[in-house]
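> next input, structure requested:
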Amino acid sequence: WMGCHSRASLDYAAERNFHVAQNMDTERTIADKFAYFRQAWRARGHDGPMPHQLLVRHVHVAETDAQARAEAEPYMREGLGGAGGVARAKSLRPEEQTPEMVEISRLYVETTTSYDVWIDEGLALIGSPRTVAQRLHEQQELTGADVCCTQHSIASMPAELARKSMRLFGEKVIPEFTAA
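Here you go, the predicted model:
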């Protein structure tokens with residue numbers, strides 16, 4: 001497995017037949033990067049099945065969309081990378097300012113200012129079991145990801161609240177995928 005954010009890392013993974021993972025980019029950017037990876041992998045003529053493409057997303061499930069937002073939003077406003085991530089994003093050295101790092105830094109900063117950035121950019125799936133299942137299906141369709149890793153503990157969210165989300169995800173969301 002290899003976390004890939006740049007074309008160079010995607011090419012490296014394609015050459016070596018590695019599975020790839022994405023966690024911090026927007027859903028549209030991930031879709032473009034995974035499409036590039038699949039094309040680069042095919043161009044190398046590997047035998048056997050294509051490597052997996054893993055999508056990591058913050059997830060919070062509650063009984064209703066409104067309840068999920070009310071529970072998760074205060075913790076989401078701590079940002080994608082927390083205070084440390086924001087400080088790091090604001091202090092990139094010139095040699096670190098690649099297009100990929102500038103974009104990730106933008107997301108680290110903007111996720112502290114707006115719940116909607118998380119949702120509109122596809123960085124988090126927040127809602128009722130039905131909403132989360134629908135958004136996860138949409139992201140899989142858009143990105144081509146065939147493996148999903150969910151992160152229910154968002155920033156300083158209390159463990160019991162994250163466990164409640166995980167229980168609902170297991171009981172109500174996963175069956176939407178295993179029934180198909």
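> so where's the chain shaky on pLDDT?
Counting by pLDDT under 70, the ranges of the chain that qualify are 179-180.
> show me where it has strands.
2-3, 20-22, 53-61, 124-127, 147-151 (DSSP state E).
> pipe those strands into TSV and attach distance to residue 102 per row.
No exception for glycine: its C-beta is placed from N, CA and C like everyone else's. What follows is the strands of the chain, written out as TSV (distance: least, CB to CB, whole Å):
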stretch	distance to residue 102
strand 2-3	18
strand 20-22	17
strand 53-61	21
strand 124-127	21
strand 147-151	24
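> now the ones you listed as a markdown table including mean neighbour count and distance to residue 95?
A markdown table is the format used below for the strands of the chain (neighbours: other CB atoms under 10 Å; distance: least, CB to CB, whole Å):
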| stretch | mean neighbour count | distance to residue 95 |
| --- | --- | --- |
| strand 2-3 | 14 | 20 |
| strand 20-22 | 22 | 23 |
| strand 53-61 | 24 | 27 |
| strand 124-127 | 24 | 31 |
| strand 147-151 | 15 | 30 |
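> nearest approach to residue 36 belongs to which of the ones you listed?
strand 20-22 (10.3 Å; CB to CB).
> follow-up on the earlier one: so for residue 161, which of the strands of the chain sits nearest?
Using CB to CB, the nearest of the strands of the chain to residue 161 is strand 53-61, at 8.1 Å.
> and the angle for the longest helix seen in the chain with strand 53-61?
Criterion DSSP state H: the longest helix present in the chain is helix 27-43. Following axes from the mean of the first three to the mean of the last three CA atoms, to 10 degrees, one obtains 160 degrees for the angle between helix 27-43 and strand 53-61.
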